[in-house]
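Chemist: need a 3D model of the following:
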Amino acid sequence: MLALKILIVEDDNVSALLLKKALEKNHHEIMGIAATGEEALDIMEEVSVELVMMDINLGGELDGIKTTEIINEKFDIPVVYLTASSDEETLQKIAGTNPSAYVIKPFNIRELNMMIELAIFKDKKEKELQKLNNELEEKVRQRTADLNEANKGLKKALEKEREIGELKSKIVQNVSHGFKTPLTSILSSAQLLQIYSEKDHPMKGKLMKHSRKIENSVRNLNNLLTSVLFFGKADANKIDYKPSRFFTAAFFNEVIDVVKANNDKDVTLETSFQDVPKTLKSDTDLLYQVFENLLSNAVKYSKNKGKVLFSVAVKDDMMIAKIEDDGIGIPEKEQSQLFDRFFRAKNVGITEGSGLGLSIVKKCIEVLKGEITVESKAGKGSTFTVNIPIN
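Modeler: You can find the predicted model right below:
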C-alpha cells in the first residue's frame, strides 16, 4: 500500500491513539491529531495532508460533516468517515458530502486498509474525470468561439452578397428600363414602315418583309427585358399577391389574342371552358404571366399546322387549367430542370427562346400558392396542368 500523509480528526483520545498506531503500522505518516473541526482546519493550513480520517461527532461548533464540506471546498482531498452509528439517518448525512469512504467503529486493520485504498482510488478517478470534463469544456468553449467567429464571417459574407444582389437588381432594372424607350421607338417606326409599304411602291415586298422582321425582333427583345425585370423583382422579394375581381372571358380573350398574334406556324388553338364563373378573384398580372407563357411555348414548339388544346375549369374554389400540344416534347432526363432559369432542352433546335418563360411561370404559381405539373414525351408533345386557388 502507498504510504500517505494522514490527519486524524477524533475527539476521543483513546480511539485517536489506537487509530494512529494502526495507521503507522502500515507505514502511513500521521501529520496530526485534532479533537475539533476548527483544529483540523488550522492544521491543514500549516501542513500538507493527503487523507483525513474524520469522526462524525466532534466537540466544538463544527461537526465532522460540516468540517468535511469545508475540506471538500477548500482543500479537495479525500475524507474517510469514522462513525459508531450505521443508522439510515447517519448514512444519509454521510452520503450528502460525497465521502471517499466510511468505516464503522469498532474497525479491524484489514477493513481500515481496504477503505483507505478505496478512498484513494475513488479520489484519483474523480480527479481524472474532472480533468477530462474540464478539457472537454475547454474544447467546447473553443469550438463555440470558433463557430461564433465563423458565424460572424458568414453574416458579413451574406450581407455583402445581399448588397451585391440589390446592386445587381438596380443595374438590371435601370438598364432594362433604358432599353425599353428606344425599343418602343423602333417598334413604332417598324409599324409605320408596314403602313407605308401597303401603298404602291417598287420595294413594297421587301419593305413589308423587313419591317416585320424588325417588329418581331423588337417584340422578342422586349419580352426578354420584361423577363429580366420580373426576376429582378423576384430576387428582391418584391413580387406580391394583389388579388382583384375580373371578368374571366375578357381576361382569357386578351391572353389568347396575344398568343395568336405571334402564331407564325398556323397552329390551331382550341379552347374549352367548363363551369367558369363570369367573374373570378385573383392576381391578373400573375395569371397573365402563367397562361401567356405556357400558351406561347405550346404554340412555339408545336409542329407547323399543329394543334394546341387549352381547357379551363373551376371547381371548389380551384382553377384547373390544361395546356396540351403535339409538338417536340421534352426529353425525360431533362424534365427535372424544366423550371430552372435559362434552361432549354437539347431538342429545341433553332427555335429562339430565352429559357426564362417556365421559370417565370413557376415563380408566379408559387406566389399564387398553386402548383404545376407536366407530362411529356420527346416527339409526342407535352401537357401542363395548373391548379390555382381563386376567390
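
Chemist: next up, the contacts around N391.
Modeler: N391 is in contact with 280-282, 317, counting by Cβ atoms under 8 Å, 6 or more residues apart in numbering. Yep, even glycine has a C-beta here, placed from its N, CA and C like the rest.

Chemist: closest one of the residues you listed to D240?
Modeler: Sorting these by how near they are to D240, with Cβ to Cβ, puts S282 at the top with 13.2 Å.

Chemist: ramachandran angles for that closest one?
Modeler: Dihedral pair for S282: phi -170, psi -170, per degrees, to the nearest 10.

Chemist: could you shift the numbering so residue one becomes 724, and keep it that way?
Modeler: Understood, numbering begins at 724; the last thing we discussed is S1005.

Chemist: which ones are touching it?
Modeler: S1005 sits in contact with 966-967, 969, 1042, 1091, 1111, 1113-1114, where contact means Cβ under 8 Å, 6+ apart.

Chemist: farthest from the middle of the chain: give me that residue.
Modeler: For the chain, the largest distance from the centre (Cα atoms, centre = their mean) belongs to V737, which lies 72.6 Å off.

Chemist: tell me the SS of it?
Modeler: What DSSP: H, G, I helix; E, B strand; the rest coil gives for V737 is helix.

Chemist: so how far is E834 from it?
Modeler: Distance, V737 to E834, by Cβ to Cβ, to the nearest Å: 19 Å.

Chemist: then D869?
Modeler: D869 is 52 Å from E834, where distance means Cβ to Cβ.

Chemist: and what of K854?
Modeler: Distance from K854 to E834, by Cβ to Cβ: 31 Å.

Chemist: please apply the same query to V1022.
Modeler: From V1022 across to E834, the span is 100 Å (Cβ to Cβ).

Chemist: who's more crowded, the two?
Modeler: Neighbours per residue, other Cβ atoms under 10 Å: of V1022 and E834, the larger number sits with V1022, 22 against 12.

Chemist: that one touches V982, doesn't it?
Modeler: Yes. V1022 lies in contact with V982 (Cβ atoms under 8 Å); the separation is 5.9 Å.

Chemist: which neighbours do the two share?
Modeler: With Cβ under 8 Å, 6+ apart as the test, V1022 and V982 both reach L992.

Chemist: residue ranges with poor pLDDT in the stretch 974-1114 of the chain?
Modeler: Low-confidence segments of the stretch 974-1114 of the chain (pLDDT under 70): none present.

Chemist: show me the helices in it, by range?
Modeler: 1007-1023, 1080-1090 (DSSP state H, counting those that start in this stretch).

Chemist: go through the ones you listed and name the closest to A745.
Modeler: helix 1080-1090 (84.9 Å).

Chemist: domains for the chain, by residue range?
Modeler: The chain breaks down by automatic domain parsing into domains covering 728-830, 881-958, 967-1112.

Chemist: of those, which is nearest E849?
Modeler: domain 728-830 (8.6 Å).

Chemist: helix or strand for G755, which one?
Modeler: Assigned by DSSP states H and E, G755 belongs to strand 752-757.

Chemist: partners of that strand in the sheet?
Modeler: Note on strand 752-757: by DSSP bridges, its sheet partners are strand 728-732 (parallel).

Chemist: pretty sure I794 sits against V802.
Modeler: Yes. Using Cβ under 8 Å, I794 makes contact with V802 at a distance of 5.9 Å.

Chemist: ok, those two, which is more surrounded?
Modeler: The neighbour comparison of I794 against V802 (other Cβ under 10 Å) goes to V802, with 27 against 23.

Chemist: strands of the stretch 724-873 of the chain, residue ranges please.
Modeler: 728-732, 752-757, 774-778, 802-806, 824-827 (DSSP state E, counting those that start in this stretch).
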